[in-house]
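*Asks:* sequence and predicted structure below; questions after.
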Amino acid sequence: MSRIGNKAITIPEKVEVKLENNHITVKGPKGTLERDLHTNMTVVIDNNIIKVTRPNDNPENRSLHGLTRTLISNMIEGVLNEYKRELQVNGVGYRAMKKGTKLVLNLGYSHPVEMEAPEGITFDVPNPNQIIVRGIDKEVVGQTAAVIRTKRPPEVYRGKGIKYAEEHIRRKEGKSGKK
């Protein structure tokens, strides 16, 4: 029994959802998202309520049930409110700048690291030590933030690097701590 998969999704007033075969299109004030859903799942729209059902209790169908419902819910939330992921840049001389749609990172390498924003993603740099990734697709926002973080992951001895704003880095004591 999937608790998440059995929940009904209420479609807000400003959002329009179309379902053709297993292709769903969600249109809202922030933009449009499309996705092909798995053929095993049955999605029904009735009176601004979306229900997802599964044909049987096979392990594959059980896992797809909650996933499908969550993907649809995230699409509706994204076109309505937009997702954002915040990153912090820590370290002496480490900083971020925005040039047009590009993000330029100075991370202690011999060259600046430039990243082009994927389609539907915008970068905000309110100050040189903060990066905000925004977009309507939760999956793309999270992946873009993860790629930025991999350019210089936080290290545990001094805490230098790029980390998520809500992330806590467990600090280690250096060699002098062994005595």
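*Replies:* On my side now, so go ahead.
*Asks:* from here on, just use CA atoms for contacts and neighbour counts.
*Replies:* OK.
*Asks:* quickly find the element holding V43.
*Replies:* V43 is part of strand 42-46, with elements assigned from DSSP states H and E.
*Asks:* what's the first helix or strand after that strand?
*Replies:* Counting by DSSP H and E, what follows strand 42-46 is strand 49-53.
*Asks:* got the buried residues for the helix or strand of the chain with the lowest mean pLDDT?
*Replies:* Of the helices and strands making up the chain, the lowest-confidence element is helix 3-6, at a mean of 88, by mean pLDDT, DSSP states H and E. Using 16 or more other CA atoms under 10 Å as the test for burial, helix 3-6 gives G5.
*Asks:* returning to that earlier point: so the strand holding V43 versus strand 49-53, what angle?
*Replies:* With axes from the mean of the first three to the mean of the last three CA atoms, to 10 degrees defining the directions, strand 42-46 sits at 160 degrees from strand 49-53.
*Asks:* now V104: closest residue in space that isn't a chain neighbour?
*Replies:* E114 (4.5 Å; CA to CA, 6 or more residues apart in numbering).
*Asks:* so for M1, what's the pLDDT?
*Replies:* Per-residue pLDDT puts M1 at 58.
*Asks:* whoops, K102 was the one
*Replies:* 94.
*Asks:* ok, now which ones touch the residue nearest to it when sequence neighbours are not counted?
*Replies:* Among residues not flanking K102 along the chain, E116 sits closest, at 4.6 Å (CA to CA, 6+ apart). E116 makes contact with 101-103 under the criterion CA atoms under 8 Å, 6 or more residues apart in numbering.
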